[in-house]
Each structure stands twice: as C-alpha cells, then as structure tokens.
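# Can you look at this prediction? I've put the sequence above it.
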Amino acid sequence: MNDLRRSVFALGPGLLLTALVLPFLPNTARADVVRLRTGEIVKGRPIARLSTAESLVVEDLITGNLRTFLWSVVERGDRDRLLTRWHRKEEALAPIMGQRLTLRLHGEGKHTIRGLLVGESETHHRLQRAGTVVDIEKSRVIDVAKVMLDPRDVWSPEQLVAKFNTQLAKERKAGDLSVEEHFRLGNYAYKVGAYEQAARHLTLCAGDASFASAAAARVRVTELRTLLAERVVIAAMRAIRTSIALKSFRKARTGLAALDSHDLKPGTPLATRIEALKAYFAEKRRAAFTKAARSDFLDFVYRVTARSVHERSTDLADVRAWARKSLADDAFRSMAKDWTRLDDVSPEEARVFWANRKRSAWSSVSYGSGTFIVEPAKQRPAKRKPKKSTGASGPGVTVPKPPTPDQWWAKASQRERMDWILAWFVENSDLFDVDPTPLRANCPRCHGKGTLSMRTADGAVHRYLCTRCAGSQQDRRVKFR
C-alpha cells in the first residue's frame, strides 16, 4: 500500500500537468494570430467556410465567440497569408518587360507599336502582340526601347492560361493537377478572360466537398455561367480589348457603343465587366495620347513653323504676330489630324493631352545669333563715326555695322529661323515649363566680348559691335520641358 501510494505521488505532478495541458491542446493547435490595422491582436481560429470575399470570421479563443472583420481592417500580411492558405488569393498578373518600336510612316510622321520581340530575320523584326505575331520591316524602325507591358496586351487569354499551366507543371514536376491547382488555374483563367477554361476548372473544385474553398468556387462558377450565357457579348469584349492593345481606339469605341445596345441589368456580372472595360478603354486612350503628345508636339510645332518661315520675303514682325496668335492652335490642329489613324481627336483634346503630359528630361533651343533681338545688347556702338582712311594701300575702309533684326532675319537660314521662333514660342506661350535661368554660350565670333576691331590702311585701330551677336556677347539658350 505504501509502495502504491509512493507510485501515485511520484506520478502525481505528471498527471496534473497532463490534466492541465490536454484541454488546451486542440485549441492550441488551431490557434492563429490576426492583427488588425487598429492595433488589436486577435488570438483565434480563422474559419474559411464562414469567411466571404468581404469579411473574415474568427473564433476568438479567449471569449469563445465568433467575430467578423472586414478584410480591409486586417493587416495586409495576415490577409494575404490567410487567403493564400485558403487558395482564395488571385494570382498576380505582373507586368512584363517588352519593347516599344517607333516606326516611320510611309507619309509624314511616325507611329509607335508595343509588344514582345520574339525573333528576327535579316529584314524583319518578329513582334508578339494581342495574341499574334507580326513581322515589321527593320527599315521602318527608327527606335527600339524597353517598356513594361500588361501580359494581356501581348498574349491571348488562352495563351496566358497555357503558360500558367506550364508554370504549375514545373512546380509540381509530376502527377496530375491537384484540386488546389485547379482552383488556382481557374481563378487565373477568370482573371485573364478565358471564361470557358475557368468554368471547367472551378466546376471541378466546386464539386469536391473536402476542398476548403469549394463554396468560393461555387460562387464563381455561378458568375461564370451568367457570363457565358452571353457568349456574343464576351466575344465582342475580347475583340474590343484586342483593339485597345493595338491602339485602334476608334474601332474599340465603335465596339463599346454596340455593347450598349444589350439591355443588361446594372450590377450583374456582365454589366460590371462592361463598365470595367469602358474605364480601361478611357485610361488606355488617355495614356496613349498623352505619351504621343509629349513626343509629337514639338515635331508639329517645327512643321507648321517651317511652312511659315521658308519664304525669304517673310517679315519677322509678321512671323512673330502669327506665332503669338496661331502657332499653338495650328500645331494642335495638325497633331490631332495626324492622330485620326487611331481615333477622332479634337484640337482641344490634343491640348489637354499635352497639358497632362509627364514632365521628363529637359530640352533646350537657342536664339543663336538672333539673341540681340530679344534682349538688350551689353555693348553699345561707338559714339563717333569712324573716319574713312585714304592711305596708300587703297581706297577708304568703312567700319562694319551690326545687323538690324530685319537684316538678321533676311540672312538667317531656315533652321536658324525655326529655332529662333521655337525659342520665342517656348518663352511666351505658357505651354511649357521654362527654367528661369537660361543657358548661355559665348558668341563664337567675338568670343564673348561683344566687339571686334580692325586696323585700317592708315594704321588706326577701330572697335565696333560684333557683326554676329550685335553686342549681346552670348547666345541665349532656353531650357524647357
């Protein structure tokens, strides 16, 4: 009896510890920590079958109650962790590195095309875009630059699903797709617009009662059935998205207008998708024309200026009056007309696109030797007129005079005229960001002195204003963007 008592007492602490620990073992194994953006930390068991796309349900292990939180209040790290565990986190559609090719049109102007270079021959580039591969003549390509692209602008939905399936196969290495992989593949297909494939994979998940996300799969399958009931609309939406990727905005606009003829109840899956497509079209159109305005506007300013200054008889005062009154309108009108190959754009819209452009690197343009026209000369002519010399070396010599603005304009080359007008336009049109401190370079003839000198036949030295800069000493260069 004493031995038994001693044995019981010896086991007593262990039995007591077991009695204390065992009731908590199940909950401890299921316990999780959910952090809220308010700073609260909830210890509990997140319940997948009760949680929805909008809210998270947690069994609080301290109170034993079920608590519901909006996903927006849950810290991002915990939200992503739980959604990934439950296979509800949508696969990221990360942008890819592609190329932007600038092409020379057969007439005037240029055009950009985006895609992924997948090969080349001696004469052509091969570019993957909007699900197809096109050949582009190398002789037409002015520039090739790297840009980030939406994968849906490069591959078709079916091609994207095939690529994702290949990725899953590499991760799995052997065997058939698991129910979790079917769920991932179905959600990815849904995201990229391959609705038939999405419905096939998610239907398999919805029928598996043991799958934790079966309820979520059933909800999405119901939505997909509604979408697929309007296959004609789905096909039209795909065509519109392809047109947007190809920057055929007029064609896309026509397609969107045709979608409005379908009487769809607001808030339904298909109506929601159409509204999202309209917003996507508006954003892509705005982004495309804003970029085009940033790269094209100066070219059109030069073009319309060239037409105005090529005549030698053109008066400087007349050209300045035209530049002040009409140059901007003529440039925006010409640019909008050039864009008609993509969509109908008004000159007013073109002006808005230019105003909303992204400010990037600075550019500059110089008044050149015509700087003296826009700012006072730093040197003044001599008060006394130079005397004529009648030395034995020959007839008398007259000291040269600097040009007047009209004389300078009459002798300037077309390029000098165009640069001068552009510099003046940049500083006076309020269409550019102008650096208040202009760049300057010494006049190459007088080396920044503003005067020259000459020795006449009688040995006298005469100083006079530089015949190039007229005493300005430096060429003024305007820095703008």
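Happy to help now that I have it.

# measure the nearest residue to Val304 once chain neighbours are set aside to His111 for me?
In space, and not counting its chain neighbours, Val304 is closest to Asp330: 4.5 Å by Cβ to Cβ, 6 or more residues apart in numbering. In this view, the C-beta of every residue, glycine as well, is placed from N, C-alpha and C. Distance of Asp330 to His111, given as Cβ to Cβ, to the nearest Å: 22 Å.

# other SSEs contacting the longest strand along the chain?
Ranked by residue count and defined by DSSP state E, the top strand of the chain is strand 110-120. Strand 110-120 sits against strand 96-104, strand 124-129, strand 132-137, strand 141-149, helix 269-309, with contacts defined as 3 or more Cβ pairs under 8 Å, 6 or more residues apart in numbering; DSSP states H and E.

# Partner strands of the third one and their direction?
Just to be clear, that refers to strand 132-137. strand 124-129 (antiparallel) (DSSP bridges).

# same question, the first one
Each strand that pairs with strand 96-104, with its direction, by DSSP bridges: strand 110-120 (antiparallel), strand 141-149 (antiparallel).

# what's the spacing between the shortest one and its chain's center?
The gap between where strand 141-149 is centred and where its chain is centred comes out at 13 Å by Cα atoms, centre = their mean, to the nearest Å.

# buried sites along the following helix or strand past that strand?
In the C-terminal direction, the helix or strand that comes right after strand 141-149 (DSSP states H and E) is helix 157-172. Neighbour counts over helix 157-172 (16 or more other Cβ atoms under 10 Å) mark 157, 159-161, 164-165, 168 as buried.

# The longest strand of the chain: which residues count as buried?
Neighbour-count burial for strand 110-120 flags 110-116 (criterion: 16+ other Cβ under 10 Å).

# For Ala48, see how far away Phe211 is.
From Phe211 to Ala48 the distance is 10 Å (Cβ to Cβ).

# Now do the strands in the stretch 301-450 of the chain.
Counting by DSSP state E, counting those that start in this stretch, the stretch 301-450 of the chain has strands at residues 363-366, 439-442.

# Tell me which residues are up against stretch 360-375.
294, 298, 316, 402, 405, 408-409, 412, 416, 419-420, 422-424, 426, 435, 439, 441, 443, 468-472, 474-481 (Cβ atoms under 8 Å, 6 or more residues apart in numbering).

# what about it, distance to the chain center?
Distance, stretch centre to chain centre, for stretch 360-375: 30 Å (Cα atoms, centre = their mean).

# Over to stretch 144-162?
The answer for stretch 144-162 is 15 Å, by Cα atoms, centre = their mean.

# per-residue confidence averaged over that stretch?
Averaged across stretch 144-162, the pLDDT comes to 92.

# and the end-to-end length of it?
With Cα to Cα, to the nearest Å as the measure, the ends of stretch 144-162 fall 29 Å from one another.

# can you give me the helices in the stretch 301-450 of the chain?
316-325, 327-338, 347-355, 371-374, 405-411, 414-428 (DSSP state H, counting those that start in this stretch).

# Gly39 is nearest to which of those?
Closest of the helices of the stretch 301-450 of the chain to Gly39 is helix 347-355, at 43.6 Å (criterion: Cβ to Cβ).

# name the helices or strands packed onto that closest one?
Secondary elements touching helix 347-355 (3+ Cβ pairs under 8 Å, 6+ apart): helix 269-309, helix 327-338.

# rewinding a little: what's the PyMOL syntax to select whichever of the contacts of stretch 360-375 are buried?
Buried residues among the contacts of stretch 360-375 (16+ other Cβ under 10 Å), as a PyMOL selection:
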select buried, resi 294+298+316+402+408+409+412+416+419+420+422+423+424+426+443+468+469+470+471+472+474+475+476+477+478+479+480+481
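
# Tell me the confidence at the residue nearest the centre of the chain?
By Cα atoms, centre = their mean, the chain has its centre lying nearest to Ala287, at 6.3 Å. pLDDT for Ala287: 93.

# Now do the contacts for it.
Contacts of Ala287 (Cβ under 8 Å, 6+ apart): none.

# Surely the residue nearest to Val304 touches Arg303?
No - if you go by Cβ atoms under 8 Å, Asp330 and Arg303 don't touch, sitting 9.2 Å apart.
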